[in-house]
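Engineer: this one's structure only:
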């Protein structure tokens, strides 16, 4: 009998998991079916080839997809660019190429009992087989795949639909998802980017480099925070009794925040860097998150999340320099506030927002609005037929805080009865519902390793 493992999604998570599974030495034959709608594997939204050469936000020396070989990606980058150093930030497209190459290498090294089939299609449904345990995966072209295990690795969803932009739905001057299609700029246009995080910075850099450059770029978010700079800090440098301090504070968000501030101050007094502490906390995030009661999780999301995100997601020094130059010139204008309304007014869009700390509304006239608020991880709002079907059929349940899908050990999806079954799994950023920090390559790599080991053990 051939055991079939279907992996839905060929971005980072799906490609890394397939590479791990290809290296199994199973007692019975295994067929891995990797289902990806796009033309290339290893890309997803993050590492797709784009007209603007976006850089990774993490140095090459910390981006290996292989925990057993921490310098694997660095060596790949050095083949592409001799002299590339561990602290260098390289194009994101390279990382997609690297993941694709790693998968090909795993195929070449695979046992004769393990085979990989890649299917170019989208998955639209999963159901239990009428014959018992195996699952049936339904594809958009009508094909069905009977699988012993199905792993959803569908990557980052599109942004949320914003209340303020509802009047613009379908309007040519509104871009709901800047990654859905190449974003073309027009000379002299005025742009409003909703959001000031990593997506907004990406769009800003592309606009600044465009041949037809906009005349002005407005960025607006509730607090107007711009991501800070990465440094050459040592990720494993923080030591001391930090773990004991944080775990002791864990029942309370207020106490955790206070402890993190104390640890960051201690690190800097000792000649270190606050980023060392943030990385230390990131590594402890699952333990901390799981110790927080529901009310404290809500408190974190309401009061602390924005501060965590701005310290957690950082930019290369070169990128920060570009951003500062654009702000000094006045071409890039950052606003902190809340959008009251946006509506078409002739050939332009009229925007009214209330600046933070002000009771008086302000007005902007722009030619286009781009939603740069980032992925919406709430499955309840998903338009993906696969996710909607799982929720409808009770095979998966959403996290009540809108953070993702509920999962049990090794990413097994929790069903409507509260059970995590042994055959249907999720791997990707929506693991944050139970682990909080699950968006970076380092974290997702660890989850992929654990899931691959679990699947190997259930052979």
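Structural biologist: Received the coordinates, thanks. For clarity, every value in this text was computed on a predicted model and none was experimentally measured.
Engineer: check contacts around the residue lying closest to residue 63 once chain neighbours are set aside.
Structural biologist: Nearest residue to residue 63 in three dimensions, chain neighbours excluded: residue 73, at 4.5 Å (CB to CB, 6 or more residues apart in numbering). Just so you know, the C-beta spots here come from the backbone N, C-alpha and C atoms, and that holds for glycine as well. Going by CB atoms under 8 Å, 6 or more residues apart in numbering, residue 73 touches 60, 63-65, 95, 98.
Engineer: Check residue 234 too.
Structural biologist: By CB under 8 Å, 6+ apart, the contact set of residue 234 is residue 276.
Engineer: how much space between it and residue 446?
Structural biologist: Relative to residue 446, residue 234 is positioned 20 Å away (CB to CB, to the nearest Å).
Engineer: Secondary structure of residue 327: a strand, I assume?
Structural biologist: No - read with DSSP: H, G, I helix; E, B strand; the rest coil, residue 327 is helix and lies in no strand.
Engineer: so where's the stretch 151-300 of the chain shaky on pLDDT?
Structural biologist: Applying pLDDT under 70 to the stretch 151-300 of the chain flags residues 240.
Engineer: Show me the strands in it, by range?
Structural biologist: Secondary structure of the stretch 151-300 of the chain, counting by DSSP state E, counting those that start in this stretch: strands at 174-175, 190-194, 216-221.
Engineer: What are the contacting residues of the longest one?
Structural biologist: This points to strand 216-221. Contacts with strand 216-221, where a contact means CB under 8 Å, 6+ apart, come from 190-197, 200, 204, 207-208, 326, 330-337, 339, 353, 364, 366, 372.
Engineer: quick revisit: avg pLDDT for the helix or strand the residue nearest to residue 63 falls within?
Structural biologist: Using DSSP states H and E, residue 73 sits in helix 72-80. Helix 72-80 shows a mean pLDDT of 97.
Engineer: And that helix, what's buried?
Structural biologist: Of all the residues in helix 72-80, those buried under the rule 16 or more other CB atoms under 10 Å are 72-74, 76-78.
Engineer: do stretch 339-347 as well
Structural biologist: Result for stretch 339-347 [16+ other CB under 10 Å]: buried residues 339, 342.
Engineer: Over to stretch 359-379?
Structural biologist: Applying 16+ other CB under 10 Å to stretch 359-379 flags 364, 366-379 as buried.
Engineer: Show me which of those is closest to residue 393.
Structural biologist: Closest to residue 393 out of those is residue 379 (13.0 Å), distances taken as CB to CB.
Engineer: in the sheet, who's paired with the residue nearest to the closest one when sequence neighbours are not counted?
Structural biologist: Of all residues not flanking residue 379 in the chain, residue 398 sits nearest, at 4.2 Å (CB to CB, 6+ apart). Residue 398 forms beta bridges with residue 405, as assigned by DSSP bridges.
Engineer: That's all I had, so thanks and see you.
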